[in-house]
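Engineer: Whatever this is, show me its structure:
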Amino acid sequence: MSRRILVIKLGALGDFFLAQTAFQAIRAHHRGDRLSLLTIPSLAPLARRSGLFDEVLEDPRGRSPLAYLAVRRLLRAGRFDRVYDLQGQTRTERYFWLIAPGPWPEWSGPARGASHSDRYPGRKSMPAVERHSRQLRAFGIELPPDPDLSWLDGEAGLGPIEPYAMLIPGSAPHRPEKRWPAERYGALARLLLTEGLRPVIAGGKAEMPLAAAIHAVCPEAADLTGRTDLFGLAALARRAAVAVGNDTGPTHMAAALGTPTLALFVDQPTPIQVTGPHVLVHHRPDFATMTAEGVMDDLRRLRAS
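Structural biologist: So this is what the prediction gives:
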């Protein structure tokens, strides 16, 4: 008999790609069941394109009583038999209690009273893929080593014909401390030209000032900020010879797609994490000690591996 299964993953773009192996493992385990995803509206188009879910529900993400009431209606109307809370934050712990007065489905997550508790010391400091693996192993679900993102692509044509390096200088607007200075991206862009790689700057409209700063140092760099949607960004990443970027969603996307990716990290309270078959982390204590020459050395090493 087919069961109704819900996965909760609200997160940002990077979190969505870090959860891909978990999504695919759950889909394989529940092959004959109806699988739904509850996510934020901006990620819903990606989730629908993936083909992994029979239904994608959009969380209003509001903090008002009306927003929580809307989520309660979704959860109760779904009549789910099992819920995997991969978000595992205080907000989604509350979702467990929104189902009151019951009946409650099987629930995997850190919510107190859940049938399959995923609450333990150090949980929040654990990298997402390790956390998902531990959580799902309780159900006999094993994660694949790398995600299959063959479904994710867009129209080619924006990137140059010659080999190019994709530069991702942005970060979430509220996390500017994750950004390597744009001027150093510019210095890196000049070094890339000597390696026969055209620098291509990628990002949304918010990254246009960063692109201008890079372009001032390296006028030969191609500026594509604000000219791609998520699927176009994926097409750009998929065809790049290499990608280098901050701890941000497009960098995680490039790494998950299998593009040779150098991810730039400095010391931070959250775990350093990025996943993909050809990814290398370039880590320094702070951005003051991260040089274009050092990044270029690791890019050469990545391309040679």
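
Engineer: tell me the contacts of residue 102?
Structural biologist: Residues near residue 102 by C-beta atoms under 8 Å, 6 or more residues apart in numbering: none. Heads up, the C-betas are built off the backbone N, CA and C, glycines and all.

Engineer: Distance-wise, check it relative to residue 71.
Structural biologist: Noted for residue 102: a distance of 16 Å to residue 71, by C-beta to C-beta, to the nearest Å.

Engineer: same question, residue 24
Structural biologist: Residue 24 is 25 Å from residue 71, where distance means C-beta to C-beta.

Engineer: The two: who's more crowded?
Structural biologist: residue 71 (21 against 18; other C-beta atoms under 10 Å).

Engineer: ok, that one touching residue 96?
Structural biologist: No - using C-beta atoms under 8 Å as the test, residue 71 is too far from residue 96 to be in contact (11.2 Å).

Engineer: now residue 144, nearest residue through space, not along the chain?
Structural biologist: residue 21 (5.4 Å; C-beta to C-beta, 6 or more residues apart in numbering).

Engineer: Tell me how many other residues crowd the one you found.
Structural biologist: 23.

Engineer: that's a strand at it, yeah?
Structural biologist: No - going by DSSP: H, G, I helix; E, B strand; the rest coil, the assignment for residue 21 is helix, not a strand.

Engineer: For it, which residues are in contact?
Structural biologist: Taking C-beta under 8 Å, 6+ apart, we find residue 21 in contact with 129, 132, 143-147, 275.

Engineer: May I see the residues you listed arranged in TSV, with distance to residue 164 and neighbour count as well?
Structural biologist: What follows is those, written out as TSV (distance: C-beta to C-beta, whole Å; neighbours: other C-beta atoms under 10 Å):
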residue	distance to residue 164	neighbour count
129	29	19
132	33	26
143	32	19
144	29	12
145	28	8
146	24	17
147	24	26
275	23	20
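
Engineer: for those residues, which one is nearest residue 90?
Structural biologist: Closest approach between the contacts of residue 21 and residue 90, by C-beta to C-beta: residue 132, at 18.5 Å.

Engineer: so that closest one makes contact with residue 19?
Structural biologist: Yes - counting by C-beta under 8 Å, residue 19 is a contact partner of residue 132 at 6.6 Å.

Engineer: Give the residues shared as contacts by the two.
Structural biologist: residue 86.

Engineer: what is the mean pLDDT for stretch 83-95?
Structural biologist: Average pLDDT, stretch 83-95: 95.

Engineer: same thing with stretch 243-254?
Structural biologist: Stretch 243-254 shows an average pLDDT of 95 in the prediction.
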